[in-house]
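Participant: I would like the atomic coordinates for the input below:
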Amino acid sequence: MSTEMTAIPTFGKEIKKTEFTLKDGVVFVNHGSYGVVPTRVQQAQDRIIGEMRDHPDLWWRHNLRLSIEESRKCVAEFVQADTDDIVFLQNATSGICSVLRSLPFKSGDIILCTDNSYQSVKYASEFIRESSNGKGVLVEYLTLKFPINSENDVVELYREFFRNNQNVKLVIIDHITSPSAIVMPVNKLVELCREYGILSLIDGAHAPGQIPLNLRQLKADFYIGNLHKWLYTPKGCAILYIKKDHKDYIKPLAISHGYKKGILTDFFHQGTRDDSAYCVAPVAIQFFNDIGGHDKIQAYTDKLLCEAVKLLTDAWGTEKLAIPMSMEAPFMRIIKLPKLKVFAGLTTFDEVEPIIIDHLVNHNVSSQYTFVDGDICIRISANIYNSIEDYQKLANFICNLMQ
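Facilitator: All right, here's what the predicted structure looks like:
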């Protein structure tokens, strides 16, 4: 199924034109929300869907399993994990819920998140607290304090909580926080969890493709990562890594024909659905490697984001989020927005969502507004198809709202 690029197009406008199908005229600086699928990966998925349509029984009874096993091996190599330790699922939220609903909680156990945890993760944790399965379970939130001066500021925040709370059962740690694009010190935090005998669940929704991974070395109890954000797969493609100690009791959300037949079969049998996104993960990984891999992509985005941050902060008279450079996400930045009438009095993402939709529908501006430390901010993304003109258009758009 693999496809090879004969030559790597120049990053920016050229590769946007030759390798993607993004609509002309849209200010697209929000890769982080849903990702973008290269044309060659779309074509590979189309071939898989054609195979599915042409001989349905052969596909679901035989070929699908073979294709997914090939993909799991490829993805396992990419994230440096044993193949039998990872399973496919559709998104990070499904992985979070699978772990939470499988863990044997008892009254008094604490699930620990942060105020920067993704909202669906907070909701899933609260669901466990409210459900009969989690009766008596507590959900606590650490508050990330800004400015963050070093990784140790964050590590000590967790250490202090562990010292003062003996019943922490599970810590859900973002690899990269969604609302604030902070790279959390996961290696240090996983080690700290082991020191205190606490389970670690890493929400790596934004990590695969944006941060090089070595899951064997990390040794988290659970790791969840979307491949459809920064690794260029079609939507609905994620992985769940399960440390060998926990394989006997972690179950998928849908119990089907794989029940009691081992974790790989359990997660494979999820009813009749379109799993083609899993099958083309090797094509997406090949594309990622063919364009130069992480180092070449980051070299481009580093320069572009540096220029974009200066352009936007100068235009708006604001500043970027106060965190160390080592904790900035490679392909995302958080910039404070100026005071705008359109955001006056708003304090939650639910209140901001209609504005995001208005900007999409009526202005062709795709961006992510977020709240960090009480400020309304914008999270900008950079990828190989972006150029500085995208951020200039964004700067002008926000400046027009200031008038």
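
Participant: mind checking pLDDT for Y278?
Facilitator: Y278 carries a pLDDT value of 98.

Participant: what about it, neighbour count?
Facilitator: Y278: 28 surrounding residues under other C-beta atoms under 10 Å. Every C-beta, even on glycine, is put in place using the N, C-alpha and C of the backbone.

Participant: I'd like the distance from it to G25, if you could.
Facilitator: 33 Å (C-beta to C-beta, to the nearest Å).

Participant: repeat for L64
Facilitator: In this view, L64 and G25 are 39 Å apart by C-beta to C-beta.

Participant: Poorly predicted segments of this structure, please.
Facilitator: Along the chain, segments meeting pLDDT under 70 span 1-6, 132-134.

Participant: if you set the cut-off to 80 instead, what comes out?
Facilitator: 1-8, 132-135, 403 (pLDDT under 80).

Participant: quick one on the thing from earlier: more neighbours: which of L64 and G25?
Facilitator: L64 (19 against 8).

Participant: doesn't L66 make contact with F268?
Facilitator: No: counting by C-beta atoms under 8 Å, F268 sits too far from L66 to count as a contact (11.4 Å).

Participant: neighbour-wise, which of these two wins?
Facilitator: F268 (22 against 10).

Participant: how about that one, what does it touch?
Facilitator: Listed by C-beta atoms under 8 Å, 6 or more residues apart in numbering, the contact partners of F268 are R65, I68, V87, F88, G258.

Participant: Tabulate the residues you listed (CSV), appending distance to Q368 and secondary structure.
Facilitator: Formatted as CSV, the contacts of F268 follow (distance: C-beta to C-beta, whole Å; DSSP: H, G, I helix; E, B strand; the rest coil):
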residue, distance to Q368, secondary structure
R65, 37, helix
I68, 32, helix
V87, 29, strand
F88, 26, strand
G258, 37, coil
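
Participant: Closest one of those to N165?
Facilitator: V87 (31.4 Å; C-beta to C-beta).

Participant: how much space between the residue nearest the centre of the chain and K219?
Facilitator: Note on the chain: the residue nearest the mean C-alpha position is A205, at 2.1 Å, using C-alpha atoms, centre = their mean. Computed as C-beta to C-beta, the A205 to K219 distance reads 20 Å.

Participant: repeat for N63
Facilitator: For N63, the distance to K219 - C-beta to C-beta - is 35 Å.

Participant: ok, how many other residues are close to the closest residue to V75 other than its chain neighbours?
Facilitator: Closest residue to V75 apart from its sequence neighbours, by C-beta to C-beta, 6 or more residues apart in numbering: A281 at 5.4 Å. Using other C-beta under 10 Å, the number of residues around A281 comes to 29.

Participant: Please look at A281 and K73 and confirm they touch.
Facilitator: No: with contact defined as C-beta under 8 Å, A281 does not reach K73; the gap is 10.2 Å.

Participant: which residues touch the residue nearest to V75?
Facilitator: Listed by C-beta under 8 Å, 6+ apart, the contact set of A281 reads S71, C74, V75, L227, L231, T233, C237.

Participant: One more pass at 10 Å, please.
Facilitator: Listed by C-beta atoms under 10 Å, 6 or more residues apart in numbering, the contact set of A281 reads 41, 44, 67-68, 70-72, 74-75, 78, 88, 208, 227-228, 231-234, 237, 239.

Participant: Next: A254.
Facilitator: A254 touches L89, S94, S98, D266, F267, H269, Q270, G271, R273, counting by C-beta under 10 Å, 6+ apart.

Participant: So the third one versus A205, what's the distance?
Facilitator: Computed as C-beta to C-beta, the S98 to A205 distance reads 14 Å.

Participant: Okay, domains of this protein per the record?
Facilitator: 13-29+292-402, 50-285 (automatic domain parsing).

Participant: Let's have these in CSV, adding distance to V37.
Facilitator: Below are the domains of the chain laid out as CSV (distance: least, C-beta to C-beta, whole Å):
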stretch, distance to V37
domain 13-29+292-402, 8
domain 50-285, 5
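
Participant: Ok, which of those domains comes nearest G35?
Facilitator: domain 50-285 (4.3 Å).

Participant: Determine how far the last residue of that closest one lies from the first.
Facilitator: 22 Å (C-alpha to C-alpha, to the nearest Å).

Participant: Next: stretch 127-145.
Facilitator: For stretch 127-145, the separation between the terminal residues is 26 Å (C-alpha to C-alpha).

Participant: Quick check: buried residues in it?
Facilitator: I128, R129, G134, V137, L138, V139, L142, L144 (16 or more other C-beta atoms under 10 Å).

Participant: Mind checking which of these land in strands?
Facilitator: Among these, the members falling in strands (DSSP state E) are L138, V139, L142.

Participant: can you list those in a markdown table and add distance to I48?
Facilitator: Formatted as a markdown table, these follow (distance: C-beta to C-beta, whole Å):
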| residue | distance to I48 |
| --- | --- |
| L138 | 45 |
| V139 | 40 |
| L142 | 42 |
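
Participant: Just name the closest of those residues to N167, please.
Facilitator: Among those, L138 lies closest to N167 (C-beta to C-beta), at 7.7 Å.

Participant: ok, that closest one - contacts?
Facilitator: L138 touches 105, 107-112, 125, 129, 165, 167-169, counting by C-beta under 10 Å, 6+ apart.

Participant: if we go to 8 Å?
Facilitator: So L138 contacts G108, D109, I110, I111, R129, N167 (C-beta under 8 Å, 6+ apart).

Participant: Okay, and the beta partners of it?
Facilitator: On the basis of DSSP bridges, L138 is bridged to I110.

Participant: How about the one 4 residues further on?
Facilitator: With DSSP bridges as the criterion, the beta-bridge partners of L142 are T114.

Participant: distance of it from V154?
Facilitator: Distance check for L142 against V154: by C-beta to C-beta, it reads 9 Å.

Participant: can you check N383 too?
Facilitator: From N383 to V154 the distance is 27 Å (C-beta to C-beta).

Participant: quick one on the thing from earlier: and the contacts of L138, which of them are buried?
Facilitator: Listed as buried from the contacts of L138 are D109, I110, I111, R129; burial here means 16+ other C-beta under 10 Å.

Participant: Need the residues you listed in a markdown table (columns: distance to E191).
Facilitator: Listed next are the buried ones among the contacts of L138 as a markdown table, based on distance: C-beta to C-beta, whole Å:
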| residue | distance to E191 |
| --- | --- |
| D109 | 22 |
| I110 | 19 |
| I111 | 20 |
| R129 | 27 |
